[in-house]
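**Q** Would you be able to build a 3D model of this:
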Amino acid sequence: MRDLTCGLFVGLLVCSLSHTLQGQSGPQVVPESSSSLAGGGSMQLQQKLETISDALAATRKELEQSQRQMQQLQEELTQVKKQLAASGAVPAKKEADAQVAKASELQERVETVEAQVKLQDQTKVETSSKYPVRFSGLILLNGFIVRGAVDNLDLPSVAVRSPIGTTGSGGATMRQTILGIQGFGPQVAGARTSADVNFDFYGGIPYSNFGTAAGLVRMRTASIRLDWTHDFLEGGMEAPLISPLTPASYAMVAEPGMAWAGNLWTWAPQLHYSHQFVGAHDQGMRVEFGLWDPPAAGYNNTDVLRSPSPGERSSQPGYESRVSYSSHDEQGMQLGLGGYYSRQSYPPTAGGPAYTQGNDSWAVTTDFRVPFARRFGLSGEGYRGRSLGGFGAGVYKDVLYGTDPVSGTPVIRGLNNIGGWTQLKAKFAGQFEGNASVGLDNGFASDFHKVVLPPNASATQLRARNRMVIGNVIYRPKTYLILSPEYRRIWTWPISGTRNTADIFTLSVGYQF
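**A** The predicted structure is shown next:
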């Protein structure tokens, strides 16, 4: 009925407008001041009137057609009602109407929930810049049992000599929990801007009688990034660009899997530029360059104030580069080749040379990821270099301190390294994933033999090789829940003497958001 009323109203409006236009089409008196525009103005007005008349005629035809369709629908509805009444199907009709009403009510509820979800997705954290900010994180509980002796109970990376009478230990920690903040800013020079920062609780042990498992907040990584279509420029504290991959492990998060056993991982300040040459099927080459602030090689440095590393003493950054080929898929094939160089400067120290000595730190790296048979994938990295303790190689050291076996003078010798890791991944179902990894960091024995180490050399100076094997299963009953048992075995060799071994059994439970 409402459509019929609207149609009648529009029809009356059309008729009245037509009479009005006809009345205006009669002779008119044009003022003298407008006589110069009468000729052109009357032509334009006549054209507009014709256009309006054509539009009204078309609208009238559409209204008439709509009225005919409405009449047909009313007739069909009347016939259906008569058939239902004749067959005695009124109760069925009432039941059908009730079901339709319930379905309509359910649909309204679903639409309401969807609208609320969309509103929630669009709601951002209030910031002073008025640009959106997103929070993410991983609440992670690790329970572990250690057989043997290790350097760090929470996250072992090397095996050490077991004290007499000890067979192992066990415990739990949540220090590897991660909290992240990511912000999205305006476009600058055609690039999308963003920034992120990530924290964990692996910055040390608090000074407390009962706080050894709590941990101190530490900044893991942070960056500010500009993204163009095929380029990006990033500055921040990140992993070295020559080592883009890492093994999958929820037992090793505060330091990535295979750290100190073949994985170059150390987070440090870095300026990183990348350009991608896109080819067919979104596959292409990528060229990357970076400037890196080489950190000092050391473990658990207790200095309160920051002192320059050997690389920073040289007054120049480290230089990185990488060329890679990859598919568009993040889990697709990837092949990369990288290089690094920095200059180091060692000042006079007790037990070392009495003069400032320079040293070259360099590396050639390769990385690969090859999926095959749909459910399997092989990935890994390799390197050959010198003085790579700042990257997480050399089993915590860049150089060897000692005396020259010929002259007897104090010397510093850069430690050559070779190492890497590889991982086999198997995806059994949507919720299960298995990983088997092996890694090795090996210092050249010839470098140790060219230096007479002091009799009081520390265990770190004496370590020559570190190997690790990891096997784990990652189960995700829900997207945001993680359950992962893992076994890890570590072999650590000093340059002389017997090797040390340790077995670590870990059960990780995580909630990701």
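**Q** thinking residue 355 is in contact with residue 349, fair?
**A** No: contact status for residue 355 versus residue 349: not in contact, 10.8 Å apart, counting by C-beta atoms under 8 Å. The C-beta positions use only the backbone N, C-alpha and C, and glycine is treated the same way.
**Q** And for residue 423, the neighbour number?
**A** 23 (other C-beta atoms under 10 Å).
**Q** tell me which element the residue nearest to it when sequence neighbours are not counted falls in.
**A** In this structure, residue 423 finds its nearest non-sequential neighbour in residue 437, 4.1 Å apart by C-beta to C-beta, 6 or more residues apart in numbering. Using DSSP states H and E, residue 437 maps to strand 432-443.
**Q** what's that strand packed up against?
**A** Contact here means 3 or more C-beta pairs under 8 Å, 6 or more residues apart in numbering; DSSP states H and E; on that basis strand 432-443 packs against strand 416-426, strand 463-475.
**Q** How about the contacts made by the residue nearest to residue 423?
**A** For residue 437, the contacting residues are 247, 249, 257-258, 421-424, 468-471, by C-beta atoms under 8 Å, 6 or more residues apart in numbering.
**Q** Show me the contact partners of stretch 505-513.
**A** 135-145, 147, 250-251, 479-488.
**Q** count of neighbours near the residue nearest to residue 433 when sequence neighbours are not counted?
**A** Closest residue in space to residue 433, ignoring its immediate chain neighbours: residue 474 at 4.4 Å, by C-beta to C-beta, 6+ apart. Burial measure for residue 474: 21 neighbouring residues, criterion other C-beta under 10 Å.
**Q** can you pull the contacts of residue 474?
**A** So, once contact is read as C-beta under 8 Å, 6+ apart, residue 474 ends up touching 248, 250, 432-435, 482-484.
**Q** from the contacts of residue 437, which would you call buried?
**A** Under a neighbour-count criterion of 16 or more other C-beta atoms under 10 Å, the subset of those counted as buried comprises 247, 249, 257-258, 421-423, 468-471.
**Q** Include distance to residue 338 and pLDDT when you put these into JSON lines, please.
**A** JSON lines is the format used below for the buried ones among the contacts of residue 437 (distance: C-beta to C-beta, whole Å; pLDDT from 0 to 100):
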{"residue": "247", "distance to residue 338": "18", "pLDDT": "97"}
{"residue": "249", "distance to residue 338": "23", "pLDDT": "97"}
{"residue": "257", "distance to residue 338": "19", "pLDDT": "94"}
{"residue": "258", "distance to residue 338": "17", "pLDDT": "96"}
{"residue": "421", "distance to residue 338": "15", "pLDDT": "98"}
{"residue": "422", "distance to residue 338": "17", "pLDDT": "98"}
{"residue": "423", "distance to residue 338": "19", "pLDDT": "98"}
{"residue": "468", "distance to residue 338": "22", "pLDDT": "98"}
{"residue": "469", "distance to residue 338": "25", "pLDDT": "98"}
{"residue": "470", "distance to residue 338": "24", "pLDDT": "98"}
{"residue": "471", "distance to residue 338": "28", "pLDDT": "98"}
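**Q** can you put these in CSV and add distance to residue 216?
**A** CSV is the format used below for the buried ones among the contacts of residue 437 (distance: C-beta to C-beta, whole Å):
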residue, distance to residue 216
247, 26
249, 23
257, 23
258, 25
421, 29
422, 34
423, 31
468, 26
469, 31
470, 27
471, 31
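**Q** And the strands in the stretch 301-450 of the chain?
**A** Counting by DSSP state E, counting those that start in this stretch, the stretch 301-450 of the chain has these strands, from start to end: 318-326, 334-346, 357-372, 376-386, 399-403, 410-414, 416-426, 432-443.
**Q** Ok, which of those strands comes nearest residue 180?
**A** Judged by C-beta to C-beta, the one of the strands of the stretch 301-450 of the chain that comes nearest to residue 180 is strand 432-443, at 22.2 Å.
**Q** Count the residues that sit near residue 189.
**A** There are 7 residues near residue 189, going by other C-beta under 10 Å.
**Q** Residue 444: what's it in contact with?
**A** If you count contacts by C-beta under 8 Å, 6+ apart, then residue 444 has 415-418 around it.
**Q** buried ones in stretch 380-388?
**A** Along stretch 380-388, these residues count as buried under the neighbour rule (16+ other C-beta under 10 Å): 380-383, 385-388.
**Q** Please name the bridge partners of residue 270.
**A** When bridges are called by DSSP bridges, residue 270 pairs up with residue 236, residue 292.
**Q** Next: residue 288.
**A** Applying DSSP bridges to residue 288 yields these beta-bridge partners: residue 274, residue 322.
**Q** from what I can see it touches residue 271, true?
**A** No: using C-beta under 8 Å, residue 288 and residue 271 do not qualify as a contacting pair, with a distance of 11.3 Å.
**Q** Which of those two has more residues huddled nearby?
**A** Taking residue 288 and residue 271 together and counting by other C-beta under 10 Å, residue 288 has the greater number of neighbours (20 against 16).
**Q** tell me the contacts of the more buried one?
**A** If you count contacts by C-beta under 8 Å, 6+ apart, then residue 288 has 241, 272-275, 320-324 around it.
**Q** Also residue 135?
**A** For residue 135, the contacting residues are 125, 179-182, 513, by C-beta under 8 Å, 6+ apart.
**Q** Same check on residue 144?
**A** By C-beta under 8 Å, 6+ apart, the neighbours of residue 144 are 153-154, 170-173, 251, 504-507.
**Q** is it true that residue 268 touches residue 292?
**A** Yes: applying C-beta under 8 Å, one finds residue 268 in contact with residue 292, separated by 6.1 Å.
**Q** Compare those two (neighbour count), which wins?
**A** Just comparing residue 268 and residue 292: by other C-beta under 10 Å the higher neighbour count belongs to residue 292, 24 against 19.
**Q** who's in contact with the more buried one?
**A** Contacts were defined as C-beta under 8 Å, 6+ apart; by that measure residue 292 touches 240, 268-270, 317-320, 340, 342.
**Q** Would you check which pair of these lies furthest apart?
**A** The largest distance within the contacts of residue 292, taken as C-beta to C-beta, falls between 269 and 340 and amounts to 15.0 Å.
**Q** For ChimeraX, write the select line for the buried members of the contacts of residue 288.
**A** In ChimeraX, this line selects whichever of those come out buried by 16+ other C-beta under 10 Å:
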select :241,272,273,274,320,322,324
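**Q** follow-up on the earlier one: please indicate which of the contacts of residue 135 are buried?
**A** 179-181.
**Q** Now those in TSV, please, with extra columns for pLDDT.
**A** Listed next are the buried ones among the contacts of residue 135 as TSV, based on pLDDT from 0 to 100:
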residue	pLDDT
179	97
180	97
181	96
